[in-house]
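> dropping a prediction and its sequence here:
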Amino acid sequence: HSIKMAGFRDDQKCTFPLQSIQDVVKLFRIELERGDEPNLALLSIVVGSVENLLTCNRYLSPRNETESEQNVKPNFPILELSTVEALYCKFESQIKGCVDVTQYRGNSYASRELVKKTSDIIWSSLTRSYCKDRAHLQTLYSYLTGEKNFGNKLDCFGVAFAVVAACQILGYSDVHLALSEDHAWVIFGKDGEETAEVTWHGKGNEDKRGQPVCGPTAQKSWLYLNGHPVKCNRHTEVAALVSGINPSISATADSKELATLQQKLLWLLYDQGDLKNYPMAIGNLGDLEEINPTPGRSSPIDLFHQAIFAAQTHYANHHVYPYTYLGGFFYRNGQYKDALEAWANAADVIRKYNYGREDEEIYKEFLEIANDLIPHLVKVVSNQAIEAPEKAESNCLHDPQCFAHLLRFYDGLCAWEEESSTPVLHIGWARPLVATISKFPAKTRSHVDIKISEEKEEKVDDEKNGSVNRRHSHGRRDSLQKNDVKNEEDIVKTKVNGSTNVSDKKAGK
Ligand SMILES: CC1(C)CN=C(N2CCN(c3ncnc4sc(C(F)(F)C(F)(F)F)cc34)CC2)S1
């Protein structure tokens, strides 16, 4: 059958050659604002080309050129239409050449066979062995450029994205990306009810490509978010592509132009309402705004709270990263009580899961918080208490709510471990825990009134099934401001789970 080469439309062509960040933003705006679907393969090739030019084939930015060449070379590449069209047609003909859609004709929805076949085409054409967690392997540009042994590389997200982009080219508008906080798969069929693995996860795990995401592993493990993944539409898939832009040139240098492009594209998607159900993309925008604030736009803290609100609204508060985005921000900015509260709220999420062997990423996240960030935080505040004894009152170590947040943090990790197939805590966790607890004076610790709830907490408590949303103190400033705890009477009735009810007198009732 003849392969119809879809050229690009005039409104797509007119933006080429792309010579600036604004040109790329304009192409994305055209793609996102038009009635029809944005073309995932086209946008992935464009982003990958720009990323490659700005991070791999180093464009000498003006400052390090010789005097004579000063300000001659632009610090943004020129991306010709012909380059992009050639790569697009290569992808399109590869996909259409391998999938004989006539055998699937008729059913308007994709079948599992078609999804698996598409995944096999991408999978089998990948270079045999390469470093899977290298940077810049997330776009179709990486997949389509270079000869057999140098190109055809994709990371695990890139494979999933390529399968969805391929299915779009084949005309299946029901095949969409599903995203957890550390894995990607596809949904398809009527109402997106079907799921299929299309890529690998982590190291040393057999890939489960073609299989549905279901069964005990998917239920209780953080990796699959217990039925609360981000189910993308075409716009959210563009947001995932933009979130995946990686400005890093080396371990120590980032491309400022690429980071600016990513930031502008995320604001474009934000304004279109395409980030509303995508907490991590909002979090990425918050991180970019911390580095390079856009005048007149939301602050990083506002954005991180919006990400938390999105997770609470759309995903029954089953996502951890919104809280670790916020906790990391507070930690970097020396707001240690708020950091402890955010991390306690993150632990309140992970307690809903059972720890499994493919949850290493979030394990490492909590390990770093418990054994690196909190011990550092506690060291800093204990030095503050010594250097500035007059400020001791507002010191974290004299604030029972800080101690309560710390206990709630560890309580969440313990609950995560209960009924899990794999242990979480071990002796390596105990040393930093003891060091941290012992920095809080007995007086502070005595103010925390740990309520033992009357009814014995059900072993398989509701949280594990996600049927009961625990109330979160996050976002609600504790009714007691930290310097209100002046003396004995102001005992803060802080239940370990962090909801703080103030003694009546204090609340002025
Ligand atoms: C608070 C943090 C430690 C800071 N960055 C974090 N990120 C950076 C961005 N990031 C992400 N940001 C947007 N979308 C996605 S989809 C995804 C994934 F599911 F794992 C995939 F697709 F397998 F790679 C990851 C991820 C992963 C989490 S979490």
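Received the coordinates, thanks.
> elements contacting the strand or helix carrying Q94?
For Q94, the element it lies in under DSSP states H and E is helix 81-98. Packed against helix 81-98 by the contact rule (3 or more C-beta pairs under 8 Å, 6 or more residues apart in numbering; DSSP states H and E) you find helix 40-55, helix 112-124, helix 140-144, helix 156-169. Just so you know, the C-beta spots here come from the backbone N, C-alpha and C atoms, and that holds for glycine as well.
> now the ones you listed in CSV, with mean pLDDT, distance to A392 and mean neighbour count?
Converted to CSV, those look like this (pLDDT from 0 to 100; distance: least, C-beta to C-beta, whole Å; neighbours: other C-beta atoms under 10 Å):
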stretch, mean pLDDT, distance to A392, mean neighbour count
helix 40-55, 96, 48, 24
helix 112-124, 96, 60, 19
helix 140-144, 94, 55, 26
helix 156-169, 97, 48, 25
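> quick one, which of these is nearest to Q262?
Nearest of these to Q262, taken as C-beta to C-beta: helix 40-55 at 9.0 Å.
> anything in that closest one sitting right up against the ligand?
No. Applying C-beta under 6 Å from any ligand atom, one finds helix 40-55 out of contact with the ligand, separated by at least 13.7 Å.
> same for that helix, what does it pack against?
Applying 3+ C-beta pairs under 8 Å, 6+ apart, we find helix 40-55 packed against helix 21-33, helix 81-98, helix 140-144, helix 156-169, helix 234-243, helix 256-271.
> what is the orientation angle of the fourth one with helix 112-124?
Think helix 156-169. Counting by axes from the mean of the first three to the mean of the last three C-alpha atoms, to 10 degrees, helix 156-169 points 130 degrees away from the direction of helix 112-124.
> is any residue of the helix or strand that comes right after helix 156-169 near the ligand?
Using DSSP H and E, the helix or strand that directly follows helix 156-169 along the chain is strand 176-179. Yes. Using C-beta under 6 Å from any ligand atom, strand 176-179 reaches the ligand at L179.
> quick one: average pLDDT of strand 176-179?
Regarding strand 176-179, the rounded mean pLDDT is 98.
> same question, stretch 85-96
pLDDT averaged over stretch 85-96 gives 96.
> also stretch 419-437?
Taken as a whole, stretch 419-437 has a mean pLDDT of 94.
> start at 154 instead
In the new numbering, first residue 154, that becomes stretch 572-590.
> check what contacts it and list those residues.
Stretch 572-590 has contacts (C-beta atoms under 8 Å, 6 or more residues apart in numbering) with 507-510, 516, 519-520, 523-524, 527-528, 531, 559, 563, 566-567, 569-570, 598, 612-613, 617.
> got the buried residues for it?
For stretch 572-590, burial by neighbour count (16 or more other C-beta atoms under 10 Å) applies to 573, 577-578, 582, 585-586, 589.
> what segments of this structure are strands?
Along the chain, the segments classed as strands by DSSP state E run 329-332, 337-341, 347-349, 383-384, 646-647, 653-654.
> dump the residue contacts of F519.
F519 neighbours (C-beta under 8 Å, 6+ apart): 499-500, 503, 566, 577.
> try it again at 7 Å.
F519 makes contacts with 503, 566, as judged by C-beta atoms under 7 Å, 6 or more residues apart in numbering.
> and the gap between it and A497?
12 Å (C-beta to C-beta, to the nearest Å).
> with just CA atoms, put the helix holding Q247 into CSV.
The C-alpha coordinates for helix 234-251 follow below in CSV (Å, rounded to 0.1, in the frame of the first residue of the first chain):
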residue,chain,number,x,y,z
LEU,A,234,12.3,22.8,8.2
SER,A,235,14.0,20.3,6.0
THR,A,236,15.9,18.8,8.9
VAL,A,237,12.8,18.3,10.9
GLU,A,238,10.8,17.1,7.9
ALA,A,239,13.4,14.5,7.0
LEU,A,240,13.4,13.0,10.5
TYR,A,241,9.6,13.1,10.7
CYS,A,242,9.3,11.2,7.4
LYS,A,243,11.9,8.7,8.5
PHE,A,244,9.8,8.0,11.7
GLU,A,245,6.5,8.0,9.8
SER,A,246,7.7,5.6,7.1
GLN,A,247,9.4,3.3,9.6
ILE,A,248,6.1,3.0,11.6
LYS,A,249,3.8,2.8,8.6
GLY,A,250,6.2,0.5,6.9
CYS,A,251,6.1,-2.0,9.8
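> distance between that helix and the chain's centre?
30 Å (C-alpha atoms, centre = their mean, to the nearest Å).
> D327 is in contact with Y262, isn't it?
Yes. Counting by C-beta atoms under 7 Å, D327 touches Y262, with 5.0 Å between them.
> which neighbours do those two share?
Contacts common to D327 and Y262, judged by C-beta under 7 Å, 6+ apart, are 341-342.
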